[in-house]
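Student: This is the structure alone, sequence omitted:
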């Protein structure tokens, strides 16, 4: 029945990078005195009337049985009080660290699919670094992340996303796993069903009822049986059991610039009127940046004079921003540098932002925390 499955593709080189206990690791890095504590990211139930959910926990806390999505009250019962530290999540801090990590990834390839602040797929079949193996690229990235942030990560390398993710999970913490085409089926066979990405608790229970506990058990199943029993999900796990995953790494093409401009019906000679236009542009541009979860490091004004000469002036920001006043002040300064052109009349005025820092790795902080 293997003819029901698509042909495999062994030509790709995919890295799955996963930070180790990311939120907790960031907090421990900032406060080394809690390094030997069971650190739980979540609101202390003793201070929140028993409310709260574990966002993540360090590996010491996990040894006591603490898991993500567990209530913090349950976690409180599992860990000795003298070992326990609760920290309320600071997602703005975690986003800043995540941005640094993603910048290091973008030095290797633009084919990056971010799953969360701490997790991403990278297609390095072709990349920016030259003739290096995927293992060399991933190892160097792991070292650079540790050097730049002081945080550890794990990665898996294989010919598809599914196996790369299995590899990173297999390696944790601070590990690396390479799954080659010739080794894929054996590796899958050795894994418990609970280790298969995408197979949730409910399906695990259903598979256990069918005496399917490992990848080896799954590989023995008839594809039609899995289709009949689990519909589309059955077809997907049948592919996974054979090491097949044709999903591409889906990267969002980063915007190069974002801007506004207007050609006036009558040339503008009034400097204050041009500043009013710039203020309005700055507010609208700042709103657009926030909507797209972007920050800008460079503000550009564009002028077209009465005699149709076009002038652009770039102003670099010390810190990436979405703040309208900061954008306006830099635009105003650039306009002041061209005051002679302004006095001769302005036919067109534009304002744009470029050199973005991506801020799309958003995690919602809910009242649960």
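Tutor: It's in. Here the structure is a predicted model, which means the values were calculated and not measured.
Student: Just give the closest residue to residue 244, not the sequence neighbours.
Tutor: residue 8 (5.1 Å; Cβ to Cβ, 6 or more residues apart in numbering). For the C-beta atoms, the positions are set from N, CA and C on the backbone; glycine is no exception.
Student: wait, isn't that neighbour in contact with residue 239?
Tutor: No. Using Cβ atoms under 8 Å as the test, residue 8 is too far from residue 239 to be in contact (9.1 Å).
Student: Please identify which of those two sits among more neighbours.
Tutor: Each of residue 8 and residue 239 has its neighbours counted (other Cβ atoms under 10 Å); residue 239 has more, 20 against 16.
Student: Report the separation between the nearest residue to that one once chain neighbours are set aside and residue 241.
Tutor: Distances taken as Cβ to Cβ, 6+ apart put residue 5 closest to residue 239, at 5.9 Å, once the chain neighbours are dropped. Per Cβ to Cβ, to the nearest Å, residue 5 is found 10 Å from residue 241.
Student: Settle it for me: which of those two has more neighbours?
Tutor: Per other Cβ under 10 Å, whichever of residue 5 and residue 241 has more neighbours is residue 241, with 23 against 14.
Student: Provide a list of residues in contact with that one.
Tutor: Residues counted as contacts of residue 241 (Cβ atoms under 8 Å, 6 or more residues apart in numbering) are 188, 215, 218-219, 221.
Student: buried ones in stretch 168-187?
Tutor: 168-172, 175-179, 184, 187 (16 or more other Cβ atoms under 10 Å).
Student: Likewise for stretch 304-322?
Tutor: Using 16+ other Cβ under 10 Å as the test for burial, stretch 304-322 gives 304-305, 313, 315, 317, 320-322.
Student: Please narrow the residues you listed to those residing in strands.
Tutor: Judged by DSSP state E, the buried residues of stretch 304-322 include 304-305, 313, 315, 317, 320-321 as members of strands.
Student: and of those, the nearest to residue 333?
Tutor: Using Cβ to Cβ, residue 315 is the member of those that lies nearest residue 333, at 6.4 Å.
Student: Distance-wise, check that closest one relative to residue 303.
Tutor: Going from residue 315 to residue 303 by Cβ to Cβ gives 14 Å.
Student: Could you do residue 279 as well?
Tutor: Residue 279 is 16 Å from residue 303, by Cβ to Cβ.
Student: So for these two, which sits in the more crowded spot?
Tutor: Higher neighbour count among residue 279 and residue 303: residue 303, with 21 against 17, using other Cβ under 10 Å.
Student: So the spatially closest residue to that one that is not a sequence neighbour: helix, strand or coil?
Tutor: Leaving aside its sequence neighbours, residue 303 sits nearest to residue 311 (Cβ to Cβ, 6+ apart; 4.5 Å). At residue 311, secondary structure determined by DSSP: H, G, I helix; E, B strand; the rest coil is strand.
Student: list the contacts for residue 311?
Tutor: Applying Cβ under 8 Å, 6+ apart to residue 311 gives the contacts 302-305, 338, 341.
Student: So, low pLDDT: which residues of the chain?
Tutor: Applying pLDDT under 70 to the chain picks out residues 1-3, 253-255, 358-369.
Student: domains in it, as residue ranges please.
Tutor: Domain assignment for the chain by automatic domain parsing gives 2-20+93-241, 22-89, 257-358.
Student: Strands of the stretch 1-150 of the chain, residue ranges please.
Tutor: Using DSSP state E, counting those that start in this stretch, the strands assigned to the stretch 1-150 of the chain run over residues 14-19, 38-41, 56-57, 84-87, 112-116, 119-123.
Student: possible to save those as JSON lines with distance to residue 100?
Tutor: Shown next, in JSON lines, are those (distance: least, Cβ to Cβ, whole Å):
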{"stretch": "strand 14-19", "distance to residue 100": "11"}
{"stretch": "strand 38-41", "distance to residue 100": "19"}
{"stretch": "strand 56-57", "distance to residue 100": "19"}
{"stretch": "strand 84-87", "distance to residue 100": "20"}
{"stretch": "strand 112-116", "distance to residue 100": "14"}
{"stretch": "strand 119-123", "distance to residue 100": "13"}
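Student: about what we covered before: restricted to helices, list the buried residues of stretch 168-187.
Tutor: 168-171, 184, 187 (DSSP state H).
Student: and the longest helix anywhere in the chain, which residues are buried?
Tutor: When the chain is parsed with DSSP H, its longest helix is helix 271-291. Using 16+ other Cβ under 10 Å as the test for burial, helix 271-291 gives 274, 277-279, 281-282, 285-286, 289.
Student: picking that back up, got the contact list for the residue nearest to residue 244?
Tutor: By Cβ under 8 Å, 6+ apart, the contact set of residue 8 is 159, 181, 242-244.
Student: possible to save the residues you listed as CSV with distance to residue 61?
Tutor: Listed next are the contacts of residue 8 as CSV, based on distance: Cβ to Cβ, whole Å:
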residue, distance to residue 61
159, 35
181, 37
242, 37
243, 34
244, 36
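Student: give me the number of residues near residue 212?
Tutor: 21.
Student: Nearest residue to the middle of this protein?
Tutor: Nearest residue to the geometric centre of the chain (Cα atoms, centre = their mean): residue 114, 3.6 Å.
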